[in-house]
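J.: Below are the sequence and a predicted model for it; my questions follow.
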Amino acid sequence: MCASSIVQEIKVLSQAHHPNLVQYYGARRSATGVELLMEYVSGGSLEQLLEACGPIREAVAQRYICDLLDGLIYLHNVMHVCHRDIKPGNVLLTSDGRCKLTDFGVSKMLSSHNDEDEEELNENTFMHTVVGTP
């Protein structure tokens, strides 16, 4: 992970407080770089579940989608952040069957004012962001 991705991840997660986003506790330097201290989510990723078990039941998929949408609504409407890398590997599963979005390294913070690394908000802003793992 490059330095700008780590900075972006810390910037977003340190301000995010939602049950469907992984919780950030802090960061520290180590001999090998920077370590992010985050909530342990015991169920692995949605990608691992799909690889191990194949397709999931519709009711389970609906619950996961609702969890993700709750987290995304918070990101977009409260924090003005576009995640830009939503994929099964970035969805972590809890022991009680809920999911949490993680990996904010390529996310984009959007604002109603222009800062150096923020973009002005308008009704189409989220639709004009580049998506996917670089």
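T.: Now that the structure is in, tell me what you want to look at. In this text, all values refer to a predicted model and were calculated from it rather than measured experimentally. Numbers count the residues shown, from 1 in each chain.
J.: going forward, measure contacts between C-alpha atoms and count neighbours the same way
T.: Noted.
J.: tell me the contacts of His83?
T.: Leu75, Phe104, Val106, Ser107, Lys108 (Cα atoms under 8 Å, 6 or more residues apart in numbering).
J.: so what pLDDT did it get?
T.: You'll see His83 listed with a pLDDT of 89.
J.: Isn't Ser14 up against Leu21?
T.: No. The pair Ser14 / Leu21 is not scored as a contact, 11.2 Å apart, by Cα atoms under 8 Å.
J.: which of those two has more neighbours?
T.: A direct count of neighbours by other Cα atoms under 10 Å for Ser14 and Leu21 places Leu21 higher, at 24 against 14.
J.: In this structure, what residue spans correspond to strands?
T.: 24-30, 33-38, 81-82, 91-93, 99-101, 108-111, 119-120 (DSSP state E).
J.: List the contacts of the first one.
T.: Contacts of strand 24-30 with the rest of the structure, by Cα under 8 Å, 6+ apart, involve Ile10, Leu13, Ser14, Val34, Glu35, Leu36, Leu37, Met38, Glu39.
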